[in-house]
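Participant: pasting the sequence and the predicted coordinates here, then a few questions.
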Number of protein chains: 2
Amino acid sequence: MNLTQLRAFDAVAREGSFTRAAERLSISQPAVTTHIRTMEERYEVSLFRRGSRGVELTDVGVDLAEISTRIFALETEASELLSATKNLTRGTLRIAAGSPYFIVPVLAAFQGKFPEVHVGLNIGNSQKVTADLLTEKVDLALQTGWEENSLVEAIPFHTHRVVVFCQREHPWAIKNKQCLRLEELISEKMIWREPQSITRQVFENACKEADVQITPVMEVTSRETLLEVVAAGLGLGIVSSHELPSDQRIHVMEVEDAELETTEYLLTLKRRRDLRVVKEFHKVAEVFHD
Amino acid sequence: MNLTQLRAFDAVAREGSFTRAAERLSISQPAVTTHIRTMEERYEVSLFRRGSRGVELTDVGVDLAEISTRIFALETEASELLSATKNLTRGTLRIAAGSPYFIVPVLAAFQGKFPEVHVGLNIGNSQKVTADLLTEKVDLALQTGWEENSLVEAIPFHTHRVVVFCQREHPWAIKNKQCLRLEELISEKMIWREPQSITRQVFENACKEADVQITPVMEVTSRETLLEVVAAGLGLGIVSSHELPSDQRIHVMEVEDAELETTEYLLTLKRRRDLRVVKEFHKVAEVFHD
DNA sequence: CCCTCTTATAATTAAAAATTATGAGTATTT
DNA sequence: AAATACTCATAATTTTTAATTATAAGAGGG
């Protein structure tokens, strides 16, 4: 017995007729006959009593129909589950990002459009974001900078300036200084992120090119810590302009003599980009592109 | 989605591997890949996360597996119903067990009653036995100890004492010693099974409770090896009393100052316990209960 | 007794599912 | 670090299964 035969059996059992079962299944009547006959011969049982006015289940047939009915109900359930996932009336979208500031509005828009899709967001450092993407723990990743990888498709998403910020009580803040030159920072206490930070790398490269030597007084391992340390007046920090939460305690300045830019990429695993959720997310995200 | 594809999906879900799923279905691995890919493309969903060491279900995959499992359990039921229509004159019963000694007489009785049912017996370590049961490679399993699992029904089958045995030429054997105390073993060379062995665990616990420290001189990985090693006079072994084949070369002793017992359970997947063969086996097995 | 409604049979075609052979990626081993 | 071994993916091809059409055969009802 295979499930194609059982489906024919199930149709005949419901319709009480080979001919109508064939119509229900949109196949020809001989096909139905063959399926039933094959089953009956294979197990040497009689499933239907043939009458001149249709057919009737035997005892074994009744028992079998009880099972087959459940099987095809479950089949419908399975197919509906997949359809619902396809139509995004269910399902999950997982995203990893280096910081929340940038991705959250996009996710909000996505949720507005597909309220029934569950969204998961992993915030972590860039190593973790990359790992999450490559191990398919997430469908998409939003990250500043990335390493060339044949499995990943990268779309430049946003470019933003790297800015310097200080405490509100700092002299520069008091005189409302808007711009500064790199060399002015030599005499300032600076607080940096860890060496892996893309923002830091961009800044360090700019210093090298401008031949300005700056050494930090402190290194911290997260953006949140940096903000708190700068707000406490321990020194000046650098940060991507879009990653800075509005905070009354700090003052922001541009660097006028260096090209300080970071680019945020939207990363997708090539083998997952054809998924419905992923394609729809890209559509939503397009609106937020630079 | 059709049921052939779903069957492939179900097999992969159970086995966690395309390759092993293909083996289970006795088809080639590319056939499995094609079925899964067709489903994933048709519904634009991802059912498995591909890793280098097998695959893992996605969220949708988990939901789908829940349905597919039920479908194929019902299919088995249907096929069983048809086969069993003539009083178990055909069909297959598959059993896994940790050792043959205990199950063979039961199987013999079953065969006597249903000579036309083909019986398959898998002997393996407890990990393999559990895996066979959970992946439905077998209908039933007989095993010493087990982990609580909502899918499995466990019936205590037999409780037996753990005994110590030595070579016929050993001094204790020569003076026909019948009992011993744990501490007497301290000065003896002992040979143990691997740490996963339930017998060993029971023995180790007893030693701990009695505050007797025993260290083995050798570890072996199977009961057969243990028997040979002990028979060769390399040391003393421990074994469940019922798992000991009659062998002229060895001498058996009880431990009098410790409660050394293991319990053999008859395990049945709840999903399969209503199958005719399974129910009939239970009836036969009852006679052999303690 | 023929007309109509049923299921059965046979020959053929179409479709699906399988195979073999090979590739590409990733851990593990030496 | 190169070789190995083990994953799943892809492509071309063959085999198997399921369907088709055309027709037969049986069983009432007019």
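Facilitator: Sure thing, it's come through.
Participant: is DNA strand C contacted by the helix-or-strand element of chain A with minimal mean pLDDT?
Facilitator: None of the helices or strands of chain A scores lower by mean pLDDT, DSSP states H and E than strand A:48-51, at a mean of 82. Yes. On the criterion Cβ under 7 Å from any atom of the strand, strand A:48-51 is in touch with DNA strand C at residue A:50. (Glycine included, C-beta is placed from N, CA and C.)
Participant: run me through the strand neighbours of that strand, direction for each.
Facilitator: Take DSSP bridges as the rule and strand A:48-51 pairs in its sheet with strand A:54-57 (antiparallel).
Participant: ok, now which ones touch the residue of chain A found nearest DNA strand D?
Facilitator: Residue of chain A nearest DNA strand D, by Cβ to the nearest atom of the strand: residue A:28 (2.7 Å). Listed by Cβ atoms under 8 Å, 6 or more residues apart in numbering or on different chains, the contact partners of residue A:28 are residue A:22.
Participant: phi, psi for it please.
Facilitator: Per-residue torsions, residue A:28: phi -80, psi 160 (degrees, to the nearest 10).
Participant: now residue A:118
Facilitator: The phi/psi pair for residue A:118 (degrees, to the nearest 10) is phi -80, psi 130.
Participant: re earlier: would you indicate which residues of the least confident helix or strand of chain A are buried?
Facilitator: residue A:48 (16 or more other Cβ atoms under 10 Å in any protein chain shown).
Participant: next, the closest residue to DNA strand C within the stretch 101-250 of chain A: secondary structure please.
Facilitator: Of all residues in the stretch 101-250 of chain A, residue A:150 sits closest to DNA strand C, at 5.6 Å by Cβ to the nearest atom of the strand. Three-state call for residue A:150 (DSSP: H, G, I helix; E, B strand; the rest coil): coil.
Participant: what is the burial count for the residue lying closest to it once chain neighbours are set aside?
Facilitator: In space, residue A:150 comes closest to residue A:270 once its chain neighbours are excluded; the distance is 7.9 Å by Cβ to Cβ, 6 or more residues apart in numbering or on different chains. If you count neighbours by other Cβ atoms under 10 Å in any protein chain shown, residue A:270 ends up with 11.
Participant: still on that earlier bit, for residue B:6, see how far away the residue of chain A closest to DNA strand D is.
Facilitator: 25 Å (Cβ to Cβ, to the nearest Å).
Participant: is stretch A:267-284 anywhere near DNA strand C?
Facilitator: No. Applying Cβ under 7 Å from any atom of the strand, one finds stretch A:267-284 out of contact with DNA strand C, separated by at least 9.8 Å.
Participant: which residues in the stretch 1-150 of chain A form strands?
Facilitator: For the stretch 1-150 of chain A, the strands defined by DSSP state E, counting those that start in this stretch occupy A:48-51, A:54-57, A:92-97, A:118-123, A:140-144.
Participant: and the ones you listed, which is most packed in?
Facilitator: When the strands of the stretch 1-150 of chain A are scored by mean count of other Cβ atoms under 10 Å in any protein chain shown, the highest mean neighbour count falls to strand A:140-144 (a mean of 26).
Participant: is any residue of the lengthiest helix in chain A near chain B?
Facilitator: Once chain A is assigned using DSSP state H, the helix that runs over the most residues is helix A:59-86. Yes. Legend: contact between helix A:59-86 and chain B by Cβ under 8 Å from any Cβ of the partner chain is shown at A:60, A:63-64, A:67-68, A:70-71, A:74-75, A:77-79, A:81-83, A:85-86.
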